[in-house]
Structure formats: structure tokens, C-alpha cells
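S.K.: could you look at this predicted model? Sequence included:
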Amino acid sequence: MRFERPPFRKRPNHPGNNGQQRFGQGNNGQRPRMPEPPSLELDPMIEEEEDLEDAEPGLNREAEYLRQLTEDQTLVVLRLRNGESYTGHIEYYDKRFIRLTRKGAPNLFVFKHDIKYLSEA
């Protein structure tokens, strides 16, 4: 036995909407459109080495400094805006955060906007 779908029928308007169309009067029965998303501004920090070489000198000092600290595994002290400080070496960095590897303690992912300053230990 094969199941057959009953024929589609148009439903009457719901009595609570006063005979208006389903999605409002001004849209000709169409759904309202979502607003366009705001344009995202890219962070000026350039991460890729190809981009670092092509960029103007002096623009990417933060990226160069973090890369040097990462390669040398220099111990650094991160002081956060809330007053906490952590010591370790930078294992990875990105546009928005730094991964701090610590001895005898859990590794940390710290957002850059939470860092007050970073200094070598």
C-alpha cells in the first residue's frame, strides 16, 4: 500500500490577525529581510612571514617581537589588567591571543586585550 499525500489546500487566515497577511502588510506577503552584517575591520597585525617581508618596515614590531620570544623560548611575565601575573614562555601567538606555557602549572590562552603589559623575566 502506497502512502499518498493529501492535496494541498489553502488555509484561511487566522482569526487573530484581522485579515492581514502572514508577514505583515508592507512587505507584499514576503518575509522581512535581515539587515546587512556590519563590515569587519581586520586587525593590522600580520601573521604570515610572506606578508611580514612585503610590509613596510616598522609596522609589524609586535609580530616580530612575539616571534623572536617564541623562537628563543624566552621566559616572559604577563601582567593582566585585573592585576594577575603569570610567568612562562610563549608557545603560540595569534591576532587575538597568546598561549603561555608554564612549568608545573596548566598552560594558558590569554586574550591580548586582557594583557596590561608583557616583559622578559
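M.R.: Perfect, thanks for sending it.

S.K.: buried stuff in the longest helix along the chain?
M.R.: Secondary structure of the chain read by DSSP state H shows that its longest helix is helix 61-72. Neighbour-count burial for helix 61-72 flags Ala63, Leu66, Arg67, Leu69, Thr70 (criterion: 16 or more other C-beta atoms under 10 Å). The C-beta positions use only the backbone N, C-alpha and C, and glycine is treated the same way.

S.K.: now those as CSV including distance to Val76?
M.R.: Output for these, formatted as CSV (distance: C-beta to C-beta, whole Å):
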residue, distance to Val76
Ala63, 15
Leu66, 10
Arg67, 13
Leu69, 6
Thr70, 10
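
S.K.: pick the one among these closest to Ile115.
M.R.: Closest approach to Ile115 among the buried residues of helix 61-72 (C-beta to C-beta): Leu66, at 11.3 Å.

S.K.: which strands and helices sit next to the longest helix of the chain?
M.R.: Where contact means 3 or more C-beta pairs under 8 Å, 6 or more residues apart in numbering; DSSP states H and E, helix 61-72 is packed against strand 85-93.

S.K.: going on from the strand it packs on, what's the next piece of helix or strand?
M.R.: strand 97-101 (DSSP states H and E).

S.K.: who are the contact partners of Arg79?
M.R.: By C-beta atoms under 8 Å, 6 or more residues apart in numbering, the contact list for Arg79 reads Ser85, Ile115, Lys116, Tyr117, Leu118, Ser119.

S.K.: the second one contacts Leu100, doesn't it?
M.R.: Right, Ile115. No. In this structure, Ile115 is not within contact of Leu100 by C-beta atoms under 8 Å, at 10.1 Å.
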